[in-house]
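> A predicted structure for the sequence below; I have some questions about it.
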Amino acid sequence: MELKTFLPKLLLTTLIILANGAALMGQGPVEVYKHNPMYWQYKGEPVLLLGGSSNDNIFQQAFAGLDEELDKLAAHGGNYIRCTMSSRDPGDAYPFSRDEETGLFDLDQWNDEYWEKFDYFLSATNQRDIIVQIEIWATYDFYS
């Protein structure tokens, strides 16, 4: 599959998943609070989103410190985390498999490690009732 046809399909699929994912889990989406547009609403109640992390692509920490960081966030009242789908740091997994001889990525083959980390991250945040903002493209990855 060519990259120019793959990327729009990936983006559309991701947007559909994000738009419907919370509703499918019976929680409903995060939306503007109906009674005061200065706040967000989650599960029908107003909510102030508080969060932070040590890494913008925190899902890459799965299996190595992620649980401790999410526990710390939740213990201090955090309920929100931003996550880029970046692979810019040394040792990060990439979404596609890579041919070891040529170093080229195979856009027809997923890298299971990357998606297992992402799946674990989403499960771990869901268990702690932490709302996740997913950024598919981080502009830093393209201009640095």
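Ah, there it is. Residues are numbered from 1 along each chain as shown.
> Helices of the protein, start to end?
Listed in chain order, the helices of the chain (DSSP state H) span 3-24, 66-75, 112-127, 140-143.
> Which one of those has the poorest average confidence?
Lowest mean pLDDT of these: helix 3-24, a mean of 49.
> Next one, pLDDT for the residue lying farthest from the centre of the chain please.
When distances are taken from the C-alpha mean of the chain, residue 101 lies farthest, 30.4 Å away, according to CA atoms, centre = their mean. Model confidence at residue 101, given as pLDDT, is 93.
> got the contact list for it?
Listed by CB atoms under 8 Å, 6 or more residues apart in numbering, residue 101 has no contact partners. Using the backbone N, CA and C atoms, a C-beta is placed for each residue, glycine as well.
> Would you check how far apart it and residue 93 are?
Using CB to CB, to the nearest Å, one obtains 19 Å as the distance from residue 101 to residue 93.
> Kindly report the same for residue 81.
With the distance defined as CB to CB, residue 81 ends up 19 Å from residue 93.
> and the two? which has more neighbours close in?
Shown here are residue 81 and residue 93; by other CB atoms under 10 Å, residue 81 has more neighbours (24 against 16).
> That one bridge partners, please.
Counting by DSSP bridges, residue 81 is bridged to residue 132.
> That one contacts residue 54, correct?
No - using CB atoms under 8 Å, residue 81 is not in contact with residue 54; the gap is 10.8 Å.
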